[in-house]
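Trainee: what follows is a predicted protein model with its sequence.
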Amino acid sequence: MKKIFVYAACVLAVLFTSCEKKAAPEAIPGTIEKTFEVFSPATKTELSGMNVLWSEGDEINVIAANSGNQYTFKLKEGAGTNNAKFSGTLLADDAEETQFFAVYPNVTIRPASLSSSKIEIDDSFGRIREAVKDGFDAGQSVMTAQLEEGKFNFRHGSAYFKVKIEADDIDSLVLKSSNTRFSGRPVYNIDGSYNNIESAKADVVLAPASGMLEKDATYYIPVFCKNSTLKVLSLKAYHHNGVVTELSTEKKASVKLALGSVYDLGAPYISTAPKLILNTTSVNGVPSDAANNLKIENAYTVLNGDDSNIYSVTYDGIVVTSVSIDNGTITYGVSANTGTKREGWIGLSLSEGAEQRISIEQLAAGASENYVWDFSSAEWQAEFAKMGKENQDITNWDLTYDGLTIFSTAKSKYRTTFFQWGGKGSTSDRYMKFTTSSAGTVSVYASFTGSSAPTSNPDRHVSLVDSTGKQQDADTPTATANDDPEKFDFKIAAGEVKVFCSENALRFYKIEFHSN
């Protein structure tokens, strides 16, 4: 199979390595040869039009919907085009069917998945993606199709990252996301959209079959996307001498990955020299009262280095009164503001005269903060729906909306009025998080998950940790799933707040914050 990336000024044609082919079945009595017209995708992407051209020897798996029987169909004509014909031999009963599905490359699907309107690939696609200059190995991506008006119109089953190499000693690249699974055994809905990825891995490895990645060459990395909204993306280069460098990439926060689209990472910074990157350039809404131990998490990154490479940490001294750093986190203090809103700054540098600054906006004297996060609202329900279906266990939550983050590494779910974790939470694996610039009161509305309070585990409760680091635990709830939720109030200091459930699962309906 060939893929051609079409640009405005030129046409770049690249031949990709086909997957391993299966032997064509021998003709036997009671079978019928059938030919299908097959179109490959011509999908508009972020960068260009992407066309797929069929090659000699290409095979597809054709599945009869009713029986679930699968057949190898081989390219009959149309090599070098995206409009081809594939032929194969079917059992006579299957040949009379009118509903068929197809998958490229010629991988097996699980027939039982068709009964639930899914195409579940039986083969697992590992972490390794073979590097192909100016393209990718088509056998390590997936396309699916449903027979419509006698034709198969294939759809992309992967998204693609584009990267240009600017070093001549790199053996491989490793691409990883904090919340999105890039490899595994994909499961598609009948319409070609993602349903799930089984045996999922968070990263993919781009490596050539032999030698090293070529300097000044461009490569495309096909990825699956179990959770389609990309959060944090990391890219590491493994050099031939054993050195590993973390590369800077274009910020991709909140980008929603789409099948068939290409996301350009540019030519990442590749060097063994330390480089300082500010992940945060401004902090707004800092309290007007004097405060210490305010934190900015993930404020900076030192590529190819650590805190020991930071030459200086400075601050304005009027608004900001103290600063310390620790592995990406900045802890600072502010003086009391008795006037209108004002701004200070914190500076970091790796060398003299090369300072980068974070602006700190402090609220005017007497300013108040009030937040209400009601999970029954249409806005929150719409955000939940982006993660998956209602009342369905969903893993790897990392959802931020209206200043509140819901994070979970285990199965959790939502309903029309609440969000529920699938078990005991903590400040590291299952929590809700927000940051306030003022001290005040947090109100959490929660209930048990069943129709009655369990006698086997009566001590489960709502817990909270604020910027002081001290954990507060509410009384055991008396409200059950059939009751109105119970309200729990916590007095907190300014800064980051994490709410979670101790011991076991609870339902959370609403969270409020009101400053003093």
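Mentor: Noted; the coordinates are in hand. Numbers count the residues shown, from 1 in each chain.
Trainee: how about the helices in this structure?
Mentor: Ranges of helices within the chain are 92-95, 378-387, based on DSSP state H.
Trainee: turn these into JSON lines, columns for mean pLDDT, distance to N241 and mean neighbour count.
Mentor: C-betas here are computed from N, CA, C, even on glycine. What follows is the helices of the chain, written out as JSON lines (pLDDT from 0 to 100; distance: least, Cβ to Cβ, whole Å; neighbours: other Cβ atoms under 10 Å):
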{"stretch": "helix 92-95", "mean pLDDT": "92", "distance to N241": "57", "mean neighbour count": "14"}
{"stretch": "helix 378-387", "mean pLDDT": "89", "distance to N241": "42", "mean neighbour count": "15"}
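Trainee: can I get the ones you listed in CSV including distance to F101?
Mentor: What follows is those, written out as CSV (distance: least, Cβ to Cβ, whole Å):
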stretch, distance to F101
helix 92-95, 12
helix 378-387, 27
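Trainee: quick one, which of those helices gets closest to P105.
Mentor: helix 92-95 (21.4 Å; Cβ to Cβ).
Trainee: for that closest one, name the packing helices and strands.
Mentor: strand 31-39 (3 or more Cβ pairs under 8 Å, 6 or more residues apart in numbering; DSSP states H and E).
Trainee: hmm, try it at 10 Å
Mentor: strand 31-39, strand 59-64, strand 70-77 (3 or more Cβ pairs under 10 Å, 6 or more residues apart in numbering; DSSP states H and E).
Trainee: so how far is the longest one off the chain centroid?
Mentor: In terms of Cα atoms, centre = their mean, to the nearest Å, the centre of strand 31-39 is found 38 Å from the chain centre.
Trainee: what mean pLDDT does it have?
Mentor: The average pLDDT for strand 31-39 rounds to 91.
Trainee: what angle separates it from strand 70-77?
Mentor: Computed by axes from the mean of the first three to the mean of the last three Cα atoms, to 10 degrees, the angle separating strand 31-39 from strand 70-77 equals 60 degrees.
Trainee: so which bits of strand 31-39 are buried?
Mentor: Under the neighbour-count criterion of 16 or more other Cβ atoms under 10 Å, strand 31-39 has 31, 34, 36, 38-39 buried.
Trainee: one more: stretch 446-453?
Mentor: Applying 16+ other Cβ under 10 Å to stretch 446-453 flags 446-449, 453 as buried.
Trainee: which residues touch it?
Mentor: Contacts to stretch 446-453, defined as Cβ atoms under 10 Å, 6 or more residues apart in numbering, come from residues 418, 420-422, 454, 457-458, 460-462, 474, 476-488, 499, 501, 504-511.
Trainee: nearest residue to S183 other than its sequence neighbours?
Mentor: In this structure, S183 finds its nearest non-sequential neighbour in K201, 4.6 Å apart by Cβ to Cβ, 6 or more residues apart in numbering.
Trainee: who's in contact with that neighbour?
Mentor: K201 neighbours (Cβ under 10 Å, 6+ apart): 124-127, 176, 181-184, 224.
Trainee: what's the burial count for S141?
Mentor: Neighbour count for S141, taken as other Cβ atoms under 10 Å: 26.
Trainee: shouldn't it be in contact with V103?
Mentor: No: judged on Cβ atoms under 10 Å, S141 makes no contact with V103 at a distance of 11.3 Å.
Trainee: which residues are in contact with both of the two?
Mentor: G157.
Trainee: span of stretch 143-159 from start to end?
Mentor: 11 Å (Cα to Cα, to the nearest Å).
Trainee: pull out the buried positions in that stretch.
Mentor: 143-147, 152-159.
Trainee: I'd like the average pLDDT over it.
Mentor: On average, stretch 143-159 scores 91.
Trainee: what do you get for stretch 62-76?
Mentor: 94.
Trainee: just give me how far it sits from the chain centre.
Mentor: For stretch 62-76, the distance to the chain centre is 33 Å (Cα atoms, centre = their mean).
Trainee: list the buried residues of that stretch.
Mentor: Within stretch 62-76, the residues that count as buried by 16+ other Cβ under 10 Å are 62-65, 68, 70-75.
Trainee: which stretches of this protein have low pLDDT?
Mentor: Per-residue confidence for the chain (pLDDT under 70) gives these ranges: 1-29, 42-51, 226-228, 231-232, 248-254, 269-271, 422-427, 452-459.
Trainee: spatially central residue for it, please.
Mentor: The centroid of the chain falls nearest to T180 when counting by Cα atoms, centre = their mean (2.9 Å).
Trainee: I'd say it and Y194 touch.
Mentor: No: using Cβ under 10 Å as the test, T180 is too far from Y194 to be in contact (11.1 Å).
Trainee: hang on, the earlier thing: possible to save the buried residues of stretch 143-159 as TSV with distance to A79?
Mentor: What follows is the buried residues of stretch 143-159, written out as TSV (distance: Cβ to Cβ, whole Å):
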residue	distance to A79
M143	17
T144	22
A145	18
Q146	24
L147	22
F152	16
N153	19
F154	16
R155	21
H156	21
G157	22
S158	23
A159	27
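Trainee: pull the CA atoms of stretch 328-344 into CSV?
Mentor: Extracted in CSV, the C-alpha atoms of stretch 328-344 (Å, rounded to 0.1, in the frame of the first residue of the first chain):
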residue,chain,number,x,y,z
GLY,A,328,9.0,21.7,38.5
THR,A,329,6.9,23.1,41.5
ILE,A,330,7.3,26.8,42.6
THR,A,331,6.4,27.7,46.1
TYR,A,332,6.1,31.4,46.9
GLY,A,333,4.6,34.0,49.2
VAL,A,334,2.9,37.3,48.7
SER,A,335,2.5,40.5,50.8
ALA,A,336,-0.9,41.9,51.7
ASN,A,337,-2.5,44.1,49.1
THR,A,338,-4.5,47.1,50.5
GLY,A,339,-5.3,48.7,47.2
THR,A,340,-6.4,47.8,43.7
LYS,A,341,-5.4,44.7,41.7
ARG,A,342,-1.6,44.6,41.1
GLU,A,343,1.0,42.4,39.4
GLY,A,344,4.4,41.0,40.5
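Trainee: list the buried ones in stretch 287-304?
Mentor: So for stretch 287-304, counting by 16+ other Cβ under 10 Å, buried means 287-289, 291, 294, 296, 299-304.
Trainee: next one: stretch 203-215
Mentor: So, applying 16+ other Cβ under 10 Å, buried residues of stretch 203-215: 203-208, 212-213.
Trainee: for it, how far is the first residue from the last?
Mentor: Terminal residues of stretch 203-215 lie 23 Å apart, using Cα to Cα.
Trainee: please state the offset of that stretch from the chain centre?
Mentor: 23 Å.
Trainee: what of stretch 493-501?
Mentor: Using Cα atoms, centre = their mean, the mean C-alpha position of stretch 493-501 is found 25 Å from that of the whole chain.
Trainee: and for stretch 394-409?
Mentor: Distance of stretch 394-409 from the chain centroid (Cα atoms, centre = their mean) equals 12 Å.
Trainee: please apply the same query to stretch 381-400.
Mentor: For stretch 381-400, the distance to the chain centre is 13 Å (Cα atoms, centre = their mean).
Trainee: got the end-to-end distance for that stretch?
Mentor: End-to-end for stretch 381-400, by Cα to Cα: 13 Å.
Trainee: name the nearest residue to D393, ignoring sequence neighbours.
Mentor: The shortest distance from D393 to any non-neighbouring residue, by Cβ to Cβ, 6+ apart, is to K411 (3.8 Å).
Trainee: just give me the neighbour total for that neighbour.
Mentor: That count, for K411 with other Cβ under 10 Å as the rule, works out to 15.
Trainee: ok, it to G366 distance?
Mentor: 45 Å (Cβ to Cβ, to the nearest Å).
Trainee: what sits opposite the closest residue to L350 other than its chain neighbours in the beta ladder?
Mentor: Excluding the flanking residues, the one nearest L350 by Cβ to Cβ, 6+ apart is L276, at 4.9 Å. Counting by DSSP bridges, L276 is bridged to V302.
Trainee: good, we can wrap up now.
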